[in-house]
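[1] Just a sequence and a predicted model for now, questions to come.
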Amino acid sequence: MFSVAKDKGVYVKMKTSMIERFGLESIPQDKKTTSWKEYFIIQLAFSVNSGNFLVPALAVVQGGLPFYAAFLSTVLGAFLAFFCVSMLSLPGSRYGLPAQYVLRSVLGKKLSMRVASPVRTLTSLYWFSVQTIGGTLVVTSMIKKLTGAPIPFIPVALGLALLMTALALVGFEAVKRATKWFIPILIAGQFILLALFLTGDQGGTVHQGSFSTGAFFFYGSLAFVQYISGVSAASDMTRYSVSPRQGFWGVLGGNMTGFMMTALLGGICASLYGGLNPFVTAGELTSSVLLLSIITISALVSMISINLSNAYTGGYSLLNALPHLSRIQSALLFSIAGIILSLFPQLVYGAEGFISLLGMLVVPLSAIIVSDFLLLRKGRLHERDLAALAAGTTGTNKTAIYVMVAGIVLYALLPDFLSPGFLSFLCTGALYFFANRLQKEKASITHQAG
């Protein structure tokens, strides 16, 4: 089987193999066999992870919200983000193209390749390393509690990183199969956590909380900002969807169900025990070898699941930035970097300041992507957009560059209590929309005058 990559002279010979070889080219129609149920399972597995516990738990512990308010606030914020993410998955299911490649038609080729893709790659690389390190620490601490024998960090981290990068290297089918295997373990783990929280000794640390409109909005906006960056990678997964509708509802349903599960557990854990990580808190509530083993395995599986997403989409982002590579080469390069970083916790945690600077780029970029695709293009790419992608003539979107700079400045100037991420997203998106409308009106007037 042969397929031509529509990226300026890049030709990829496709052949039947266990390893996914599709790069920036469109997925053939006969390969689009993934149903909404399968996407639901994939996204559910991605969503049940330790990182998703944090904002709902912080809404209780630091925000002072009661459990119900923390849950509702973060679920509403997450829903707005996941709706946008699901809408941006449509180019993948409609045209079979990866996300960062599609963004060339939105941001322009230069901004997509030189800014958006490197930022997405570095962000995915950072979170891959953080999740691997965090998962390794949980596993080693649980094993020590179970056996009394300490085990070294590096062999465990290396083994986990190799496993996850190998699955991501194989490609979408490996991700799909792995998440199906993981779901029973993840769900069993969540039920055990819930049972332990509701029956355990609370030790007088119950957080009653009181409703505050400001805190409700603030933590809802934090949840929104945490997930809105997914718009720049959503199409990577849905390229194999049976139809746009099935891809959309599978992604939205899986993300929301998974987040609601983690928000429920994170909020209850924080309300009853003041903990921020339910896996850690639950491990302190039982001495049962069986329960501790299931909790450990569940924590491990949740970390592997989300890192499959980080490694898979990170590889495609790198491929868009370096299109002379093949998908396998870009995935290998990402994997090597991820494995190396996962072995040096001090290097990863020392980069938090750098990653926060990347966040200042991610939010305005996400706002421009959402504003352009949903508001200006009405959720569709036109034939001229696809033709420009194929010819490599998407050019430079100067408006996007100017608006992105304005969004970064606004993000930097806004104080923390105003939720700079959310407000800068709204303002950047609105500015981009009206700037484009104004340009069209001027062009129309000039055309009529001529």
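    Everything's here; your move.
[2] which SS state does the residue nearest to residue 412 when sequence neighbours are not counted fall under?
    Excluding the flanking residues, the one nearest residue 412 by Cβ to Cβ, 6 or more residues apart in numbering is residue 360, at 6.3 Å. Every C-beta, even on glycine, is put in place using the N, C-alpha and C of the backbone. Under the three-state scheme (DSSP: H, G, I helix; E, B strand; the rest coil), residue 360 adopts helix.
[3] Quick check: residue 360 touching residue 410?
    No - counting by Cβ atoms under 8 Å, residue 360 sits too far from residue 410 to count as a contact (9.7 Å).
[4] follow-up on the earlier one: ok, the residue nearest to residue 412 - how many residues close by?
    18 (other Cβ atoms under 10 Å).
[5] Now residue 237: which helix or strand?
    For residue 237, the host element (DSSP states H and E) is helix 234-238.
[6] next helix or strand past that helix?
    Tracing the chain C-terminally past helix 234-238 and defining elements by DSSP H and E, one meets helix 244-273 next.
[7] Run through the neighbouring helices and strands of that following helix.
    Counting contacts by 3 or more Cβ pairs under 8 Å, 6 or more residues apart in numbering; DSSP states H and E, helix 244-273 packs against helix 36-47, helix 50-61, helix 67-87, helix 90-95, helix 172-199, helix 234-238, helix 278-283.
[8] at 6 Å instead, please
    When contacts are defined as 3 or more Cβ pairs under 6 Å, 6 or more residues apart in numbering; DSSP states H and E, helix 244-273 sits against helix 36-47, helix 50-61, helix 67-87, helix 90-95, helix 172-199, helix 278-283.
[9] hang on, the earlier thing: sort out which residues of the helix holding residue 237 are buried, please.
    Buried residues in helix 234-238, defined by neighbour count with 16 or more other Cβ atoms under 10 Å: 234-238.
[10] same thing with stretch 215-235?
    215-216, 218-235.
[11] ditto for stretch 320-331
    320-321, 323, 325-328, 330-331.
[12] what's the answer for stretch 276-290, then?
    By 16+ other Cβ under 10 Å, the buried positions in stretch 276-290 come out as 276-283, 285-286.
[13] same question, stretch 162-173
    164-165, 167-172.
[14] Show me how far that stretch is from its chain's centre.
    Here the centre of mass of C-alpha atoms in stretch 162-173, compared against the chain's by Cα atoms, centre = their mean, to the nearest Å, lies 17 Å away.
[15] Over to stretch 38-46?
    13 Å.
[16] again with stretch 176-191
    19 Å.
[17] Alpha carbons of it, as PDB, please.
    C-alpha atoms of stretch 176-191 as PDB (Å, rounded to 0.1, in the frame of the first residue of the first chain):
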ATOM      1  CA  LYS A 176      -6.500   1.600  21.800                       C
ATOM      2  CA  ARG A 177      -5.900  -1.900  23.000                       C
ATOM      3  CA  ALA A 178      -3.900  -0.900  26.100                       C
ATOM      4  CA  THR A 179      -6.700   1.500  27.200                       C
ATOM      5  CA  LYS A 180      -9.300  -1.300  26.900                       C
ATOM      6  CA  TRP A 181      -7.200  -3.500  29.100                       C
ATOM      7  CA  PHE A 182      -6.700  -0.700  31.600                       C
ATOM      8  CA  ILE A 183     -10.300   0.400  32.100                       C
ATOM      9  CA  PRO A 184     -11.400  -2.500  34.400                       C
ATOM     10  CA  ILE A 185      -8.300  -1.900  36.700                       C
ATOM     11  CA  LEU A 186      -8.900   1.900  36.700                       C
ATOM     12  CA  ILE A 187     -12.600   1.600  37.600                       C
ATOM     13  CA  ALA A 188     -12.000  -1.000  40.300                       C
ATOM     14  CA  GLY A 189      -9.300   1.300  41.800                       C
ATOM     15  CA  GLN A 190     -11.700   4.200  41.800                       C
ATOM     16  CA  PHE A 191     -14.400   2.200  43.700                       C
END
